[in-house]
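Novice: here's a sequence, model it:
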Amino acid sequence: MTIDESTGVPASRLDFRATLAGRLSQLIWSRRRTLTILALIAVSLAPVVFIFNHTFDARRDIVYWDEFDTALAFILKLKDGTTPAAFLQELFAINNEHRMVTSRLLFATSFWLSGTINFALIDLVGNATLLGLCVLLVASAGTPMRRLRMGVLLAFLMFQLEHYENFLWSGSSIDHFQVVLLAASAIFALTRGSQAATLIGALLAILATFTLAHGLAVWPAGAALLVLAGRRRDLAIWGAIGAAAIVGFFAGFTVNSAQS
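Specialist: Here you go, the predicted model:
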């Protein structure tokens with residue numbers, strides 16, 4: 001048996017104590033880390049719950065400003081009856097330099113299913129797109145700790161009382177909520193690196209383009225990403241689809257006379 005000269009204790013017993021102390025230290029650290037993570041998750045969820053709790057009670061099924069010229073006018077035309085050709089023309093019609101195809105499809109689907117539009121439900125759809133955007137950004141942040149930091153940051157930046165009206169009236173500007181999620185999803189798809197993901201990203205970019213004119217910005221942004229990544233074949237696919245989408249967007253384009 002080996003004896004430690006400085007303590008007079010057998011070396012095996014010292015090794016056992018050191019191992020036990022190390023394991024206890026790791027266990028304590030692991031528990032502290034777990035508690036810290038759980039506390040940060042609770043802190044990040046608190047403003048989300050707070051905002052939705054306050055806006056949910058105040059939400060009403062009524063028409064707000066933008067919806068008079070978009071949703072209500074569109075549904076009245078559907079109610080009066082229209083041909084498929086006229087429906088498509090109305091679907092892609094320009095309104096204040098925008099083509100709001102996705103939101104009009106949302107309104108039409110609501111009308112066909114229920115005979116009306118529940119604007120409180122449309123508002124919830126707008127809120128859901130913001131939640132979806134946050135989930136997408138958190139998922140793309142990388143490591144678990146980076147995702148956790150991103151979640152906390154987004155919780156306090158997005159879900160606070162300065163954005164109360166955005167959550168309360170998101171249905172009145174549903175296009176502005178959809179376009180951000182669609183554009184971010186398109187870029188996220190491009191980062192996957194496969195040709196299939198590039199095609200999915202292009203489809204999402206087309207939807208963004210025909211949600212609001214802002215969606216056009218996703219095409220040069222995606223092209224820059226592909227150039228930096230040296231993905232020439234994907235760049236060619238992205239560029240060809242983007243060119244067709246942009247030409248389609250500007251076909252018959254007119255500027256609102258009020259702009260003059």
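Novice: for the chain, just list every one of the strands.
Specialist: For the chain, the strands defined by DSSP state E cover 94-95, 98-99.
Novice: deepest of those, which one?
Specialist: Comparing the strands of the chain by mean neighbour count (mean count of other Cβ atoms under 10 Å), strand 98-99 ranks first with a mean of 21. The C-beta positions use only the backbone N, C-alpha and C, and glycine is treated the same way.
Novice: now the strands of the chain as TSV including distance to V247 and mean pLDDT?
Specialist: Output for the strands of the chain, formatted as TSV (distance: least, Cβ to Cβ, whole Å; pLDDT from 0 to 100):
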stretch	distance to V247	mean pLDDT
strand 94-95	15	82
strand 98-99	13	88
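Novice: using a markdown table, lay out those together with distance to F107.
Specialist: Converted to a markdown table, the strands of the chain look like this (distance: least, Cβ to Cβ, whole Å):
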| stretch | distance to F107 |
| --- | --- |
| strand 94-95 | 13 |
| strand 98-99 | 14 |
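Novice: F87 is nearest to which of these?
Specialist: strand 98-99 (14.6 Å; Cβ to Cβ).
Novice: confidence score at I3?
Specialist: Per-residue confidence (pLDDT) for I3: 50.
Novice: run a quick neighbour tally on the spatially closest residue to F111 that is not a sequence neighbour.
Specialist: Leaving aside its sequence neighbours, F111 sits nearest to I75 (Cβ to Cβ, 6 or more residues apart in numbering; 5.2 Å). For I75, the neighbour count with other Cβ atoms under 10 Å is 19.
Novice: am I right that I75 is in contact with I117?
Specialist: Yes - counting by Cβ atoms under 8 Å, I75 does reach I117; the two are 5.9 Å apart.
Novice: anything in contact with each of the two?
Specialist: Residues touching both I75 and I117 by Cβ atoms under 8 Å, 6 or more residues apart in numbering: F107, F111.
Novice: return the residues in contact with L235.
Specialist: Neighbours of L235 in contact, by Cβ under 8 Å, 6+ apart: A223, L226, V227.
Novice: can you rerun that using 6 Å?
Specialist: L226 (Cβ atoms under 6 Å, 6 or more residues apart in numbering).
Novice: and it, how far is that from L199?
Specialist: 13 Å (Cβ to Cβ, to the nearest Å).
Novice: and for V138?
Specialist: For V138 relative to L199 (Cβ to Cβ), the value is 25 Å.
Novice: can you give me the neighbour number for A236?
Specialist: A236: 12 neighbours (other Cβ under 10 Å).
Novice: and the pLDDT for it?
Specialist: 95.
Novice: residue ranges of the helices in the stretch 151-260 of the chain, please?
Specialist: Secondary structure of the stretch 151-260 of the chain, counting by DSSP state H, counting those that start in this stretch: helices at 164-168, 174-190, 195-209, 218-229, 232-250.
Novice: pick the most buried one from the ones you listed.
Specialist: helix 174-190 (a mean of 22).
Novice: run the chain-centre distance for stretch 206-213.
Specialist: 15 Å (Cα atoms, centre = their mean, to the nearest Å).
Novice: can you tell me the distance between the two ends of that stretch?
Specialist: 11 Å (Cα to Cα, to the nearest Å).
Novice: cool, stretch 154-165 as well?
Specialist: 17 Å.
Novice: now that stretch: buried residues?
Specialist: Neighbour counts over stretch 154-165 (16 or more other Cβ atoms under 10 Å) mark L154, A155, M158, F159 as buried.
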